Each structure stands twice: as C-alpha cells, then as structure tokens.
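Visitor: what's the 3D shape of this:
(one chain, ligands or ions: 1)
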Amino acid sequence: MQITFLGATETVTGSKFLLTHHGKKILVDCGLFQGYKALRLRNWDKFPVDPAQIDAVILTHAHIDHTGYLPLLVKNGFSGKIHCTHGTKDLCAILLPDSGHIQEEDAKRANKYGYSKHHPALPLYTENEGRQALKQFLPHDFATEYRLFDDLSFRFHHAGHIIGASIVEIKYNSKTLCFTGDLGRPHDHVMNPPDVIHKADYLVIESTYGGRLHDRTDPLKQLEDIIQQTVKRGGSVIIPSFAVGRAQSLLYYIDQLKKADRIPDLPVFLDSPMAINATNLLCHYTNEHRLTKEQCKDLCNVAEYIVTPEQSKSIDQYKVPVIIISASGMATGGRILHHLKLFLRDPRSTILFAGFQAGGTRGDRLLRGETEIKIHGEMIPVRAHIELLTSLSAHADYQEILAWLKKFERPPQKTFIVHGEPESSKNLKRKIEEQLKWSCYLPKYRHVETL
Ligand SMILES: [Zn+2]
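Guide: Numbering: from 1, shown residues only. Alright, predicted model coming up:
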C-alpha cells in the first residue's frame, strides 16, 4: 500500500490522498484548493495521475475542500464510483452544482469587468458538470463494512462535524489505515461527538486547530453580546457562513436567544438557497445530531429564507438593524460579497465571521485588520466592526484532539498530520509527541509513503 499526499499538506484545503494497492488506485477525498493564489492555481494543474486510471473515490464528508474537485475529476475521465455516507451524498447534491455555479458567475463577472488576466476567463467547471458528478455517487450506511476489492474494505464512523461526516477506516492485508476527515467536537450544542476509534496501524489526522484552544465561553453568550452591541449602534450583523453546518448552528443559537429575550426580535435572513436546503436536511438526519424534531422545526422558522438574487439585494435596503446569514463562509465568493460591499462601509454594522478562515481568503485578511479589501475588482474601505465567533467551531481543538487520540489502545505505527496551516500542524505534532510519544509526520505536497 502506498499513499501519495495530493492536498491538505501545509494548508487546510484541497484534501486528496491517493492510495495504490495491488495495482488499484483509490482517492480518499477530492477537495478543491482555496485561499492563497499559489494554492488555487493548483486546481488548474494537470492531475498527477490520469483520472481514468483511478478505480474509486471515498469521501470523508461533503465540504468543498474535500469534494470540490470531483466534477473536474469526472470531466477528465474518472468513471468509477464515489463512495460516501447518505448525508454526504445529499449535501454534495447541494454543494457541487452550486460550486460550479459560483465559478461560472465569477468567470462571467471577470469577463464583464475585465479583471482577469485570462481572455476569456473560464470556470474550472460548470453547474451542470457539478451535477454530472453526482451520478457516480454510491452511498453507504455508517458502521457497515464494504468490500471494495478482494483484499480491501472500508467502513464509515461518525465524525460529528457536519451531517454525513465520517472517519474512514480502510482495511487491507490485515492492517488498518484511518482518515479522521474533519473531526467534530465532544460537546457541541448541535452535532454529536465523534465516534471513538480504538486502533489503527496508520492514522491521517486533521489539524485545523492543532495550534489553538477554542474560547470556552458559551457561544450563546458571545453571539448575544455582539448582536446587542451592534443593535445599540443602530447597525446590522452580517454573518458570512458556511452554508452547511455552521448556518444551521447559527439559526439554532439565534432562535434560542430570541426565545429567552436575550436579543431583540429583529429580522433574520438566511440568504443562501444552499443553506436553506441544508437546513431542511438537518431535520431529515435526526440521528446525527442532538436537536429534537421540535428544535429543528423552530430553527427552520427563525429566519426568512431568501431565494432570488432580487430578494437578496432588497434586504440590504432595510432601515432597521437586521441579521443576514449568507455564504460563503470565508467570503471567497457567493452572495455575501454583495452584502459586504455595502455593509463594510458602515461603521455601525458588524461583519461576524463564524468559522475557520483559511490564509489568504478575504475573511482571513479582514480579521487581520486590512483597511480596504478588493471585491469584484473594486477596493472597498473597511469601516464596520470585524468580529470572529471564537467559541464556535465544527473542528476539535488540540486538547479535544488529544483527548480523542488517548482512547487508542496502542499507538499507530505512523501518524500523518494534515489539513492545517503549517504552524497548527507543527504544534499538534509537538503535543502528540510530548503527551502520547507517538511517531508523527508532516507530509509535504506529493509526498509518497509505503504503508
Ligand atoms: Zn469540513
């Protein structure tokens, strides 16, 4: 068995791990690179192996940095099955066409305003190509072993994180190789904790928050304070949010705050057709989270759903404070950009980031205090308050990761730390080596290892 690290090395994006075993090729995750331009350009490179030669894809979960390259893989000849959980399949049906749509819109806009170096600017793939990839999906239940080839099987365990998210356990030659995917948190208000894994010969673990501890303040309290202060200034709260997972948690918290009279009864808009669909899915997969049917129904009703672009533009015209939740979560694209163009100039309003911001994204740069930011080729001055919900996260921090690892009965032979900015991965390596004495490695892009 050989593993080649084709993404999520020294970055949180582009997750792709190629396994070669007895002549078969399997790709675990097929994510898009996001953030820094040098990374994004990799999406345009020729894929290191001919996609037609890949036998199967296995997905940990639906987020675009784990699935967003699939339409391109299919377009370039991959004809095998894409194995995942039912939740992941349903979420990909929302996310992949949307990802293609955003890229088509970006290319159109770049051509209209002439801010691309390429003439004409082209989308990486289209909405229709995003939809095409869905035909190859084969969903499986959690905890059920599936024999992919004679000498290789896999099984999905719950990872928490988002609906459908899994830890992938692969068995071959009586050995076990385990991918954590994105690991959820033990005490999240909405999602269940990740399943305990007792052993693996090789482990590939994420390190998004390998260098940080989450603020232990109750996220309800933090959200309450930010909304209260903004409303007092007469401003609005604009929340760039991941459409899947984070948007639903935010709706749940806002519903709780309103019910307890901890915030005024101001209008709330969920301006993302994708987030609307993902919210409906949350109500469908009740065994993957902690909310009751009643709580699910209430969070669905706390916001007005904004579907058309015309409605989206009209909500900016409200004369009273409002809360707008819109995608994308790192302000890299989508409808949130239109709201930002307007509200970034308003010193009364708050732009509230609600999740991890990859280096180089607009979200990262705003949180670092940049005083102007480019949107659709135009420089926008930053006058609004910029905040981050530090207590809210769908990823375990290093303490929570270590607690999860401590349940292993014996150390893996090798632990590969991926899916983190370099400092986070290095920090997690140090912590695991100090506290658990495991052998950890930080693979580089295209590194090959025999297992
Ligand atoms: Zn994720």
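Visitor: for the stretch 301-450 of the chain, what spans make up the helices?
Guide: Using DSSP state H, counting those that start in this stretch, the helices of the stretch 301-450 of the chain run over 309-314, 336-343, 362-367, 398-405, 422-436.
Visitor: between the longest one and helix 398-405, how many degrees?
Guide: This means helix 422-436. Using axes from the mean of the first three to the mean of the last three C-alpha atoms, to 10 degrees, the inter-axis angle of helix 422-436 relative to helix 398-405 is 50 degrees.
Visitor: What are the buried residues along helix 422-436?
Guide: Buried residues in helix 422-436, counting neighbours by 16 or more other C-beta atoms under 10 Å, are found at 424-429, 431-432. From N, CA and C alone the C-beta is placed, and that goes for glycine too.
Visitor: Show me which of the residues you listed is closest to the ion.
Guide: Within the buried residues of helix 422-436, the smallest distance to the ion is 14.9 Å, found for Ser424 (C-beta to the ion).
Visitor: if we can go back for a sec, export the buried residues of helix 422-436 as CSV, with columns for distance to the ion and pLDDT.
Guide: Formatted as CSV, the buried residues of helix 422-436 follow (distance: C-beta to the ion, whole Å; pLDDT from 0 to 100):
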residue, distance to the ion, pLDDT
Ser424, 15, 96
Ser425, 16, 97
Lys426, 21, 97
Asn427, 20, 97
Leu428, 17, 98
Lys429, 21, 98
Lys431, 21, 97
Ile432, 21, 98
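Visitor: Please work out which residues outside the helix or strand of the chain with the lowest mean pLDDT touch it.
Guide: Across the helices and strands of the chain, mean confidence by mean pLDDT, DSSP states H and E is lowest for helix 37-40: a mean of 86. Here helix 37-40 makes contact (C-beta atoms under 8 Å, 6 or more residues apart in numbering) with 11, 13-14, 33-34, 360.
Visitor: Quick check: mean pLDDT of the following helix or strand past that helix?
Guide: Moving toward the C-terminus from helix 37-40, the next helix or strand (DSSP states H and E) is strand 56-58. Strand 56-58 shows a mean pLDDT of 98 in the predicted model.
Visitor: which helices and strands does the following helix or strand past strand 56-58 pack with?
Guide: Counting by DSSP H and E, the next helix or strand C-terminal to strand 56-58 is helix 64-67. Under the contact definition 3 or more C-beta pairs under 8 Å, 6 or more residues apart in numbering; DSSP states H and E, helix 64-67 sits against strand 24-30, helix 86-113.
Visitor: mind checking the SS state of Leu177?
Guide: Following DSSP: H, G, I helix; E, B strand; the rest coil, we place Leu177 in the strand state.
Visitor: Would you mind measuring from Asp265 to Gln256?
Guide: 13 Å (C-beta to C-beta, to the nearest Å).
Visitor: I should have written Pro48 there, sorry.
Guide: Applying C-beta to C-beta, the value for Pro48 to Gln256 is 47 Å.
Visitor: Ile323 too?
Guide: Per C-beta to C-beta, Ile323 is found 14 Å from Gln256.
Visitor: ok so, going back, just want to know which of Asp265 and Gln256 has more residues nearby.
Guide: Gln256 (19 against 7; other C-beta atoms under 10 Å).
Visitor: what pLDDT does the nearest residue to Glu10 once chain neighbours are set aside get?
Guide: Take Glu10 and drop its neighbours on the chain: the residue closest to it by C-beta to C-beta, 6 or more residues apart in numbering is Pro422, 5.0 Å away. What the model reports for Pro422 is a pLDDT of 95.
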